[in-house]
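Enquirer: sequence first, then the predicted structure, then my questions.
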Amino acid sequence: MVVSGASVNVPTVVAQALAAISLGLLAASGVAKLIDPAPTTGAMKAAGLPASRPISYALGTIETATALTAFVAGGPALVIASGLYLGFALFTFSAVRKRIPVQSCGCFGREDTPPNYIHVVYNITASIALVAVYALSRTPVDWSLPASEVALYVSFAVTGVVASYLVMNRLPQILASRRTG
């Protein structure tokens, strides 16, 4: 595909977009843990993992720093972010599969975001996208583009973060209310 005289590889652009959205969500999740570590601490305790406020704060700090570094510079931070998402996928899958009584997976610092299979699929997809972008030796955002295009792309990523949050947290509530109502 050719756009404005430049060759565009659609799979690469899709991977970059998914990576940018995933990193935005990872940063938001990290900030939520820094603001209120209690849901993460509770989720980790319920799953039988080592848990404390300092551990939750550390996880929030790692998530936020990794996401920001990967978003701006790419490189090995993309692999670290991918590993975080794989860890979240395993935690969430285990919590759903074992029916661990967790009101929140702890990702957004809220009590009404229980782990579900939508989280698992999202986490795996995010991990794959991040590794793909790393393998392509790219950053999630092509900072060499004109400022207006970078701004449009970042706006798209922010919109994707909001949409991802809604899909992972509100869609299960809607589906549950339809089953019971």
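Expert: That came through, no problem.
Enquirer: low pLDDT regions in the protein?
Expert: 1-8, 102-113, 180-181 (pLDDT under 70).
Enquirer: so which residues of it form helices?
Expert: Along the chain, counting by DSSP state H, helices occupy 10-35, 38-46, 53-73, 76-97, 117-135, 147-169, 171-180.
Enquirer: got the buried residues for the third one?
Expert: Buried positions in helix 53-73, judged by neighbour count with 16 or more other C-beta atoms under 10 Å: 55-57, 59-60, 62-64, 66-71. Just so you know, the C-beta spots here come from the backbone N, C-alpha and C atoms, and that holds for glycine as well.
Enquirer: cool, and the last one?
Expert: Of the residues in helix 171-180, those buried under the neighbour-count criterion (16+ other C-beta under 10 Å) are Pro172.
Enquirer: what does the second one give?
Expert: When burial is assessed from 16+ other C-beta under 10 Å, helix 38-46 yields the following buried residues: 39-44, 46.
Enquirer: which of those residues lies closest to Ile80?
Expert: For the buried residues of helix 38-46, the residue nearest Ile80 by C-beta to C-beta is Thr40; the value is 18.4 Å.
Enquirer: OK, contacts around Tyr153?
Expert: 17, 20, 141-142, 145 (C-beta atoms under 8 Å, 6 or more residues apart in numbering).
Enquirer: number of nearby residues for Ser137?
Expert: 8 (other C-beta atoms under 10 Å).
Enquirer: chain neighbours aside, what residue packs nearest to it?
Expert: Gly74 (7.9 Å; C-beta to C-beta, 6 or more residues apart in numbering).
Enquirer: from Ala20, how far out is that neighbour?
Expert: Look at Gly74 and Ala20: by C-beta to C-beta, to the nearest Å, they are 11 Å apart.
Enquirer: of those two, give the one with the bigger neighbour count.
Expert: Between Gly74 and Ala20, counted using other C-beta under 10 Å, the more crowded position is Ala20 (25 against 22).
Enquirer: I'd assumed Asp142 was in contact with the more buried one.
Expert: No - proximity of Ala20 to Asp142 does not meet the contact threshold set by C-beta atoms under 8 Å, at 10.4 Å.
Enquirer: now do the contacts for Ala67.
Expert: 23-24, 26-27, 30, 81.
Enquirer: ditto for Thr66
Expert: Residues near Thr66 by C-beta under 8 Å, 6+ apart: 26, 30, 77, 80-81, 84.
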